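Asks: attaching a predicted model along with its sequence, questions to come.
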Amino acid sequence: MNAGLEDVVAASTVLSDVDGKNGRLIIRGSSLDDLVANARYENVLALLFAGFFPQTPSLPAALGAARAEIFDHLITVDPAVLTLPPVDAMRALIARLDDGDDLSAALRLVAAPAVFIPALLRLKAGKSAIAPKRASSHAADTLRMMTGDIPSPEQTAALDRYLVTVADHGLNASTFAARVVASTRAGMTSSVLAALSALKGPLHGGAPGPVLDMLDAAATPDNAPNWIAAELARGERLMGFGHRVYRVRDPRADALKSAVRLLAGAGAIDPARLALAEAVERTALDQLKAKKPDRPLDTNVEFYTALLLEALGFPRQAFTGVFAMGRVGGWIAHAREQAETGRLIRPRSLYIGPQPQAAA
Ligand code: ACO
C-alpha cells in the first residue's frame, strides 16, 4: 500500500515531464526556460490545447472574447459570495458555468480566474469591477482589471512568466483530481472545480500566502536564523521548501526568481523585502540540510511566487486564485487527454476495519 501514491504512474501524457532528479521541466517538447524566455501565456495555452480541440485562427483573440463573456457573469453575483475568501468565491462563480467540453467552454474556464479574481478583489473592497479589453494580453488585462492602471512592460512580463511557469506540471494533486473527474465523463467545469479544490490546500497551491506570513514573522535578515530554528524545533514545515518529485532545486523557482529580478530592475519591488527573502531562503536551506541530511529539501515554486505576486499588487489571500489562472490551462488539457483514453480511474482500497461478528 502506498498512501501518497509516490512513484505510481497513473497516466501517460504528452503534456509535461517533471524530471525530479535533474530539476528539469518539459512542456510539450519545450524546456521551461525556453518558454519563460520566449513565450506568452497564450502561446503555452495553444501548445497545451493542440490536438485536443480544433484550433481557432487566433487563440489570443478568442481568449479576449471569452474574458468579455465571463465578465457578464458578474452582474448576478450573490452578495453572500463576496464574504468568502477569493478562491472560494471564485469557485462558487465557476460552479455556475456550463459543464461543456468544447473549445469555447474551455476558454471560458481559462478566462474565469483572470476576470473573477480582480473583480472579486475590487467588489470586496466596495469598488466596481473593471471590464476586460479583448485586445490586451491575458496578463496585461488581468493587472489592469485589478488596479485600473495600464501595467508597465516589466509587470506584464513578470505575470506572463509566472503564468507560463505554472501552466502545467505532470500529475500533481490538482491535475490528478481533474483527470479523475474527467475519467467519469463529467464535463470540464466539474474537472476544473475538483482541481481548484485540491489546489487550495497549503501542501499544494495554498503555500505562497504562508510564505509571506513566514517573511513577516522572520521580520529581518538578522532575525531569520533564530526564527527558522524555532519553527523547525516545533516540527513546523517551512512553506516554499520541499517537493514530492524534485530532489534538487525546483526549476520553476529560478524562472520566477528571474521574473522577480526583472521587477527589481524596474524598481517595482521593495529591495528590503527582496533582501529579507534571500536571507530567509539561504538560512532555511542551511537549516533544512542540517536537520534532514538524507532528504534533499530545496526551494520550490511557491517561494518566489509569493514575492512576485506581492510585488504585482495581489493580496496574499488571492495567490491561490492567481495560481489557478495559470494552471487551469494544464487542468483542461489533462482532462481532455484523460477523457480520450475512455478509461475510468478507479483504484482499490485495503480494508483494515472490523469484520462482522459471527451470529451467536
Ligand atoms: N519544511 C520542513 N520539513 C520538511 C519540509 C519543509 N518544507 N518538507 C518536507 N519536510 C520533512 C518532513 O517533515 C518529513 O520529515 P519526517 O521524515 O521526519 O517526517 C520529510 O521532510 C519528508 O517529507 P514528506 O512529507 O514525506 O514529503 P512529501 O513528498 O510528502 O512533501 C511537500 C512534499 C508536501 C511539498 C512538503 O515538502 C511540504 O509540506 N512543503 C511545504 C509546503 C509547500 O511548500 N508546498 C508547495 C509545494 S509546490 C506545489 O505544490 C505547487
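Replies: Received the coordinates, thanks.
Asks: tell me, how many residues neighbour the residue nearest to residue 4 when sequence neighbours are not counted?
Replies: Leaving out its chain neighbours, the residue that sits closest to residue 4 by CB to CB, 6 or more residues apart in numbering is residue 244, at 7.3 Å. C-beta coordinates here come from the backbone N, C-alpha and C atoms, glycine included. The number of residues packed near residue 244 is 15, by other CB atoms under 10 Å.
Asks: also residue 310?
Replies: Counted with other CB under 10 Å, the neighbours of residue 310 add up to 22.
Asks: how is this protein carved up into domains?
Replies: The record's domain parsing of the chain by automatic domain parsing lists 30-201+317-341, 208-311.
Asks: out of the ones you listed, which one sits most buried?
Replies: domain 30-201+317-341 (a mean of 20; mean count of other CB atoms under 10 Å).
Asks: what about that domain, how long is it end to end?
Replies: Distance across domain 30-201+317-341, first residue to last, is 24 Å (CA to CA, to the nearest Å).
Asks: how far off centre is it?
Replies: How far domain 30-201+317-341 lies from its chain's middle: 10 Å, per CA atoms, centre = their mean, to the nearest Å.
Asks: what's the pLDDT at the residue nearest to residue 4?
Replies: If you check residue 244, the pLDDT there is 88.
Asks: name the SS class of it, please.
Replies: With DSSP: H, G, I helix; E, B strand; the rest coil as the basis, residue 244 sits in coil.
Asks: quick revisit: JSON lines for the domains of the chain, including distance to residue 359?
Replies: Shown next, in JSON lines, are those (distance: least, CB to CB, whole Å):
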{"stretch": "domain 30-201+317-341", "distance to residue 359": "39"}
{"stretch": "domain 208-311", "distance to residue 359": "47"}
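Asks: now those in a markdown table, with distance to the ligand?
Replies: Formatted as a markdown table, the domains of the chain follow (distance: least, CB to the nearest ligand atom, whole Å):
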| stretch | distance to the ligand |
| --- | --- |
| domain 30-201+317-341 | 6 |
| domain 208-311 | 2 |
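Asks: partner strands of whichever strand or helix holds residue 25, parallel or antiparallel?
Replies: In this structure, residue 25 sits in strand 24-27 according to DSSP states H and E. Strands that pair with strand 24-27, judged by DSSP bridges, come out as strand 16-19 (antiparallel), strand 30-31 (antiparallel).
Asks: close to the ligand, is it?
Replies: No: using CB under 6 Å from any ligand atom, we find that strand 24-27 stays clear of the ligand, coming within 11.9 Å at best.
Asks: how far off centre is that strand?
Replies: Relative to the centre of its chain, strand 24-27 is centred 16 Å away, using CA atoms, centre = their mean.
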